[in-house]
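Engineer: sequence? don't have it. structure:
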């Protein structure tokens with residue numbers, strides 16, 4: 001057996017250092033953008049839209065994004081929060097438009113945190 005670290009452990013160490021050096025705001029914004037991107041794909045808004053559309057999955061992602069933004073409002077500046085909230089609202093409206101049977105106002109994904117969303 002060799003004492004030389006494997007590529008897996010080297011990659012993990014590099015990832016750990018990268019995360020340790022990242023400010024919390026950067027981590028929160030990155031997670032939010034990833035949730036937004038995944039929700040957009042599940043809403044069928046990406047290239048090849050209908051092939052990836054899954055409203056049940058989109059609902060979960062939008063709801064998680066709304067919860068993250070609600071919980072982190074006091075932790076990130078409005079410089080970061082404002083575009084994320086705009087993106088969230090756009091996703092909520094896209095969800096409402098894509099739904100065959102629309103949710104009641106205030107019952108859509110994430111509306112527990114944002115309140116009812118209207119077009």
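Structural biologist: Sure thing, it's come through. Remember, predicted model here, so these are calculated numbers, not experimental data. Numbers count the residues shown, from 1 in each chain.
Engineer: what does the pLDDT read for residue 27?
Structural biologist: Reported pLDDT at residue 27 in the predicted model: 94.
Engineer: pretty sure it contacts residue 19?
Structural biologist: Yes: with contact defined as Cβ atoms under 8 Å, residue 27 reaches residue 19; the gap is 7.2 Å. (Glycine included, C-beta is placed from N, CA and C.)
Engineer: pLDDT on stretch 106-118, on average?
Structural biologist: Mean per-residue pLDDT for stretch 106-118: 95.
Engineer: which of the residues in that stretch are buried?
Structural biologist: Residues 108-111, 113-114, 117 are the ones in stretch 106-118 that count as buried (16 or more other Cβ atoms under 10 Å).
Engineer: columns distance to residue 52 and secondary structure on top of these, output as TSV?
Structural biologist: Shown next, in TSV, are the buried residues of stretch 106-118 (distance: Cβ to Cβ, whole Å; DSSP: H, G, I helix; E, B strand; the rest coil):
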residue	distance to residue 52	secondary structure
108	20	coil
109	17	coil
110	20	coil
111	24	helix
113	25	helix
114	25	helix
117	23	coil
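Engineer: looking at those residues, which is nearest residue 79?
Structural biologist: Nearest to residue 79 among the buried residues of stretch 106-118 is residue 114, at 19.4 Å by Cβ to Cβ.
Engineer: just give the nearest non-adjacent residue to the closest one, would you?
Structural biologist: Closest residue to residue 114 apart from its sequence neighbours, by Cβ to Cβ, 6 or more residues apart in numbering: residue 66 at 5.6 Å.
Engineer: please spell out which residues along the helix or strand where the one you found lies are buried.
Structural biologist: Secondary-structure assignment from DSSP states H and E places residue 66 in helix 55-72. Going by neighbour count (16+ other Cβ under 10 Å), the buried part of helix 55-72 is 55, 58-66, 68-69, 72.
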